[in-house]
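Visitor: Return atomic coordinates for the entry below.
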Amino acid sequence: MSSTIISIFIFFLIFGILVTSHEFGHFIVAKTGGIRVNEFFVGMGPTLWKKQKGETLYSIKLLPIGGACVFDGMDPVEEERANYDEHSFLNAPVWRRIATLFAGPFANFIIAYILAVILVSFSAWNFPVVNGILEDSAADEAGLLPGDKIISIDGEKVYMSSEVILISQFAEGTPMKIVYERNGEKLKTVLTPKYSEEDARYYMGVMIGEYGEIKGPAALKYAWYEVRSYFKTTYRSLALLVRGKLSKDDVSGPVGMVKIVDDTYEEVRPYGISAVILTMMSLTVLLSVNLGVMNLLPLPALDGGRLVFQFIEVIVGKPVPPEKEGFVHMIGMIALLGLMVFVLFNDISKFTR
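Guide: Okay, here's the model as predicted:
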C-alpha cells in the first residue's frame, strides 16, 4: 500500500473522529435535555447504511467529510412554529438550546484533552530550556545562557518549548519581558528579537528544548498545557489572518490537510509505528482544538453564529423571528460553501505548482 493511500486513510480516520465527536456532543446534550433529534449521520452524500431507532434516524454516508445532528424545528419559518411541540429545538428553553449548541465545540475540546493525556503519558515532553545561544543574537545580548529555563514571557507562563517559539513569532520584533530560572534562582531580562532580511522575520537567536518524561497524575496537568497551547495557536493565527499577516496559501482545506498528514507520515515513518501513532495523535489534538474554536466563531451557519441569536434572545427577552435568523444562516452557509470551494482549488493549485 502506497504512503499516499495510507495518508488518505489516516486523514479520514482523524476527520471522522473529529466530526463524530463534535456531532455526538450536540446529540447527547440535546437528548438529555429532551430535544428531539430527527437524524444523526456521519459523512456526506449517498447513504450507505441507516437505521431508525426511536425518533432518530442513524446513518452513515459515502463521503467521510462531514456529518450532522438534525434537531426537530432547527430552522423553521414563522408560520410553521405552531407545528412543533415542546421537544423541538425551536420551543426548548433558551439555555437548553445554548447548551446544545455549545456541546459540539466543547466535545472537541474534551476529545483533545483525552488524547493529550494519552500523548503526554507515552511521549517525551519538550521543556522550555535553553540549549544553545547564537553569538551576537538578541538572546546573547539579553544575557540568556544554555540551561536557563524560561518561566514566562510578557507575563504569560510557558511550559513547552513550542510556546516560546510561538510567542516570539507573534511578538513581531517588540521587546519581550522574560522571566527565567537559572540554578534555582528566578531572573528577569528584556529581549528584543532581531530582524533577518534573508528570512523576512524576527529571531530570538536561541535554541530551545529539553526532553523529559511526565509521569503519573502530572500528565493530567501537562495535557491541559498542551491543549491550551494549541488553543492559543489557533486564535492567534486567526488574528493574524484578520490583520492580513497571513496569505491564502497559509489556509488549508481537506486537500491541504491530506498533504500535511502525508508529509508528517513520511517524516516519522522511519521511527516505527509507535512514533506514527503518537505524531498523528498530536495532530488530532491540534485539529480538534482548531475545529472547536472555529465553530465558536460568531459567524452565520456556525455554532457560534447560532449562539449569537440565542444570546440576543436572552438579552432582549424574546427570540429573533425564525425566518430572519434562517435567512442569515442561509447566506452564511452559501458563503461558507463558497469559501470551501475556493480553499479546495487553492490547495490543488498550491500542491501542483
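
Visitor: per-domain residue ranges of this protein.
Guide: The chain is divided into the following domains under automatic domain parsing: 1-124+216-293, 125-212.

Visitor: Just the mean pLDDT for the shortest one, thanks.
Guide: What domain 125-212 shows for mean pLDDT is 91.

Visitor: picking up where we left off before, dump the domains of the chain into TSV; add mean neighbour count and distance to His329 as well.
Guide: Using the backbone N, CA and C atoms, a C-beta is placed for each residue, glycine as well. Shown next, in TSV, are those (neighbours: other CB atoms under 10 Å; distance: least, CB to CB, whole Å):
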stretch	mean neighbour count	distance to His329
domain 1-124+216-293	17	7
domain 125-212	16	33
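
Visitor: Now distance to Ala335 too, for these, in JSON lines please.
Guide: What follows is these, written out as JSON lines (distance: least, CB to CB, whole Å):
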{"stretch": "domain 1-124+216-293", "distance to Ala335": "15"}
{"stretch": "domain 125-212", "distance to Ala335": "28"}
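
Visitor: out of the ones you listed, nearest to Pro319?
Guide: domain 1-124+216-293 (7.7 Å; CB to CB).

Visitor: Pull the distance from that closest one to the chain's centre.
Guide: Going by CA atoms, centre = their mean, to the nearest Å, the spacing between the C-alpha centre of domain 1-124+216-293 and its chain's C-alpha centre is 9 Å.

Visitor: In the protein, where is pLDDT below threshold?
Guide: Scanning the chain for pLDDT under 70 picks out the ranges 1-2, 75-83, 243-256, 342-344, 346-353.

Visitor: In it, what residue spans correspond to helices?
Guide: 3-32, 94-122, 138-141, 161-171, 218-242, 254-268, 273-295, 303-316, 322-350 (DSSP state H).

Visitor: so can I have a markdown table of the ones you listed showing distance to Gly209?
Guide: Shown next, in a markdown table, are those (distance: least, CB to CB, whole Å):
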| stretch | distance to Gly209 |
| --- | --- |
| helix 3-32 | 26 |
| helix 94-122 | 16 |
| helix 138-141 | 14 |
| helix 161-171 | 4 |
| helix 218-242 | 14 |
| helix 254-268 | 17 |
| helix 273-295 | 15 |
| helix 303-316 | 35 |
| helix 322-350 | 30 |
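
Visitor: Which one, of the ones you listed, ends up nearest to Glu197?
Guide: Here helix 138-141 is closest among the helices of the chain (CB to CB), at 15.1 Å.

Visitor: who does the residue lying closest to Phe41 once chain neighbours are set aside bridge with?
Guide: Distance criterion CB to CB, 6 or more residues apart in numbering; nearest residue to Phe41, sequence neighbours excluded, is Ser59 at 4.2 Å. Taking DSSP bridges, one obtains Phe41, Lys50 as the residues bridged to Ser59.

Visitor: Many thanks, we can stop here.
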